[in-house]
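K.L.:
Whatever this is, show me its structure:
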Amino acid sequence: MPCFYIDKGKTFAWYTHDHHRDGISAVLVKTSGAEEQAMLIDADSATYFRPAYFGHAGWIGIRVDQADVDWDHISDRVETSWRMVAPRKMLEDHNR
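P.N.:
Predicted coordinates for the structure are as follows:
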């Protein structure tokens, strides 16, 4: 289960494939919290799900094992998750 992190182990994304034999391939990213997580799942439960072990902390799973994956959307969600954990200095450098 590859993990993507910044400075000092601050994780911003995970890739899962058939985790505990669930048959799902997904990218896990941070959300702003339980409200956003619930809104995403309610809006599109075929794409979004509350991942085991991570969901309680507000992370969201985005399925990447479907035919109509919107990779631009996945990229945006990964960047948003990165921005949530990146140190201020790193954000400032990135925005230049």
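K.L.:
Please report the distance of the residue nearest the centre of the chain from residue 20.
P.N.:
Taking C-alpha atoms, centre = their mean, the centroid of the chain lies closest to residue 29, which sits 1.4 Å from it. Separation of residue 29 from residue 20 (C-beta to C-beta, to the nearest Å) stands at 19 Å. Every residue, glycine included, has its C-beta placed from N, CA and C.
K.L.:
swap in residue 27?
P.N.:
For residue 27 relative to residue 20 (C-beta to C-beta), the value is 17 Å.
K.L.:
and those two? which has more neighbours close in?
P.N.:
Neighbour totals were compared for residue 27 and residue 20, and residue 27 leads with 20 against 9 (other C-beta atoms under 10 Å).
K.L.:
Tell me if that one really is in a strand.
P.N.:
Yes: under DSSP: H, G, I helix; E, B strand; the rest coil, residue 27 falls within a strand.
K.L.:
Hmm, residue 12 and residue 4 touching each other?
P.N.:
Yes: look at residue 4 against residue 12 with C-beta atoms under 8 Å: they come within range, at 5.9 Å.
K.L.:
Between the two, which contacts overlap?
P.N.:
When C-beta atoms under 8 Å, 6 or more residues apart in numbering defines a contact, the residues bordering residue 4 and residue 12 alike are residue 78.
K.L.:
between the two, which one's more packed in?
P.N.:
It is residue 12, of residue 4 and residue 12, that has more neighbours when counted by other C-beta under 10 Å, with 20 against 15.
K.L.:
was I right about the residue nearest to the centre of the chain contacting residue 81?
P.N.:
Yes: Residue 29 lies in contact with residue 81 (C-beta under 8 Å); the separation is 3.7 Å.
K.L.:
Can you check which residues contact both of these two?
P.N.:
12-13.
K.L.:
Cool, thanks, signing off.
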